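Student: Turn this into a structure:
(one chain, ligands or ions: 1)
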Amino acid sequence: MAGKIRPVRGMNDILPDQTRAWQYLEDRARRILETYGYREIRFPHLEHLELFARSIGEDTDIVEKEMYTFADSGGEVLALRPEGTAGCVRAAISAGLFRGGGAHRLYYLGPMFRHERPQKGRYRQFHQVGVEAFGPPGPDLDVEQILMAQRLLQDLGVPGLTLHLNSLGQPEDRRAYRGELIAYLEERRGRLCDTCRDRIQRSPLRVLDCKVASCQEAVASAPVITDYLGEASRAHFERVQALLQEAGIRFVHDPKLVRGLDYYTDTVYEWTSDHLGAQDTVVAGGRYDGLVAELGGPATPAAGFALGIERLLALMDSAQIPTEGLDAFVAPLDERAQSVALELSETLRDEGLSAWYHSGGGSLKSQLKKADRLGAAVAVLLGDQELAEGTVTVRDLVQGEQEAVPRDRAPQAVADRLG
Ligand code: HAM
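Tutor: Okay, the predicted model is just below:
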C-alpha cells in the first residue's frame, strides 16, 4: 500500500462536523458588517512579494521570516498573503476606487498564511474576517469600527474581553521617539534576549512587545510613544478615548502596544480574551493614513481591523449554532423502485426540503439505522407493495409512527411531519 500523505504542518482541514460553526460565524459577520454599510471584496491569495514588503515593512517578523514566497515559472517573485490589508488596498488602487475620493467600506473573509511556529491558536494557514474603511480621517470612524467589532464579538457570545488601546502617532512623531527608545535600549542591551538585541537598531518598538520576562523588566520604564505625539495626533487620541467613554466601551490604554505591522498611524488596538491561552488576541487593527499613498494611490486616510476566525470559534458560544438536520431519507427497497424514488426525491427538493436519496440497498433495518445516523426526521420508503398501490410509506423517525400515503401526496405528508 502506498504511504499516506500528511497534511502540511500548521494547516488544518475543516471537516463537515465543523463547517456549520464556520458558516454560522461567517454569516453573522457578513450580516453585521453589512448593517454598517461595508461591502465584500475578494482579492487573490497571491500577490507580488513587494506589496507586503512595502506595506507591512521590511523589518517586521512577518516579512522577514514568516512569508511563503516563491518565484513562479515566469520568474515573478510572489507571496501567499500573510494578511488582508495590503491586498485590499492594492485591489482598490488597481480598480481606481479612490478616483474621485469616494468613501469605501470594504470587508473580506478568507485564509492568510504565515510560517510561524504552530501552537494552539496559531496556525500557518488561518482565517480572518477583515474590514477596511477609506476616506474619513476622523477619530469617530475609529470608534465606529471598534463598536462594530464589539457588536460582532458580543453577538457571538465571546467571553472575557479586554480592549487595549494606544496611539502610534504620525511617522515624524515616531522618528523622534525611536531615537530616544534606541538610546534607552542600548543602555540595557545586556538584559535583552538575542532577538531583541538584534531589533534595537532595526525595529526598536518591537522590543516593547517581547514576551521574554527579562525583556519585559528591561523595558518597564522605557519612554512611551504617547509622550511624543504631535498636536494633531494627541487631539485625535484624546477624542478616540472620549468617544469610547461616551459609548460606554471600556478600554485599557496600553502605551507599549505597538502592533507587528509598520503601516499604522495614530489609533491602534487589540482585543484579548482571558479564555484563550498564550495566543489571546482575537481582533486587532487601527488607522493607517499613509498606506494608500505608499502603494501608489492618492493620499487617502484609512482604518480597519481583522478578526482571527479560529480564535473566535474557540471562544464562541456554541449553543447558538443551528443544529444539522436532514428532512427526508428516501429509500427504494429494490431496484424497481429506484426511478420513482429518484423522482420523488427531486419533488421534495422542488418543495425546498432536503432529501437524502439512499443508494446502495441493504435491509430495511440497516437503512433505517442509516437514516437515524444522518439525523433525518422522516423516512420515505418505496417497496414492491408501494409501487403496486401507487403509494409511499412515510415514517416519522422521531415519533416512530408510519402511514401509507398516495405518491402525489408524499411531499405534503413529509412537510406535515416536519411541523
Ligand atoms: P494581525 O494582528 O496580524 O493584524 O492579525 C489579526 C488577527 O488575526 C489576530 O488578532 C489573530 O486573531 C489572527 N491571527 C494572526 N495570526 C494568526 C495565526 N498565525 N494563527 C491564527 N490566527 C492568527 C492584521 O492582520 C491586520 N491586517 C489587521 C488590520 C486590518 N489592520 C487594519 N486593517
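Student: drop to CA atoms for contacts and neighbour counts, all remaining ones
Tutor: Fine.
Student: In the helix or strand hosting Gln154, which of the residues would be classed as buried?
Tutor: Using DSSP states H and E, Gln154 sits in helix 139-155. Across helix 139-155, burial judged by 16 or more other C-alpha atoms under 10 Å covers 139, 141-150, 152-153, 155.
Student: want to throw those into JSON lines with pLDDT and distance to the ligand?
Tutor: What follows is those, written out as JSON lines (pLDDT from 0 to 100; distance: C-alpha to the nearest ligand atom, whole Å):
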{"residue": "Pro139", "pLDDT": "98", "distance to the ligand": "15"}
{"residue": "Leu141", "pLDDT": "98", "distance to the ligand": "13"}
{"residue": "Asp142", "pLDDT": "98", "distance to the ligand": "11"}
{"residue": "Val143", "pLDDT": "98", "distance to the ligand": "13"}
{"residue": "Glu144", "pLDDT": "98", "distance to the ligand": "14"}
{"residue": "Gln145", "pLDDT": "98", "distance to the ligand": "10"}
{"residue": "Ile146", "pLDDT": "98", "distance to the ligand": "12"}
{"residue": "Leu147", "pLDDT": "98", "distance to the ligand": "15"}
{"residue": "Met148", "pLDDT": "98", "distance to the ligand": "13"}
{"residue": "Ala149", "pLDDT": "98", "distance to the ligand": "12"}
{"residue": "Gln150", "pLDDT": "97", "distance to the ligand": "14"}
{"residue": "Leu152", "pLDDT": "97", "distance to the ligand": "14"}
{"residue": "Leu153", "pLDDT": "97", "distance to the ligand": "12"}
{"residue": "Asp155", "pLDDT": "95", "distance to the ligand": "17"}
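Student: tell me the SS of Tyr24?
Tutor: Recorded secondary structure, Tyr24: helix (DSSP: H, G, I helix; E, B strand; the rest coil).
Student: Identify the residues contacting Gly383.
Tutor: Residues near Gly383 by C-alpha atoms under 8 Å, 6 or more residues apart in numbering: 332-334, 337.
Student: Apologies, that question was intended for Thr265.
Tutor: So Thr265 contacts 167-171, 286-290 (C-alpha under 8 Å, 6+ apart).
Student: Give me the nearest residue to the residue at minimal distance from the centre of the chain, chain neighbours excluded.
Tutor: For the chain, the residue nearest the mean C-alpha position is Gln128 (2.5 Å; C-alpha atoms, centre = their mean). Excluding its sequence neighbours, the residue lying closest to Gln128 (C-alpha to C-alpha, 6 or more residues apart in numbering) is Gly308, at 4.8 Å.
Student: for the stretch 101-250 of the chain, what spans make up the strands?
Tutor: 104-113, 125-134, 161-167 (DSSP state E, counting those that start in this stretch).
Student: how about TSV for those, with distance to the ligand and mean pLDDT added?
Tutor: Shown next, in TSV, are the strands of the stretch 101-250 of the chain (distance: least, C-alpha to the nearest ligand atom, whole Å; pLDDT from 0 to 100):
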stretch	distance to the ligand	mean pLDDT
strand 104-113	7	98
strand 125-134	5	98
strand 161-167	12	98
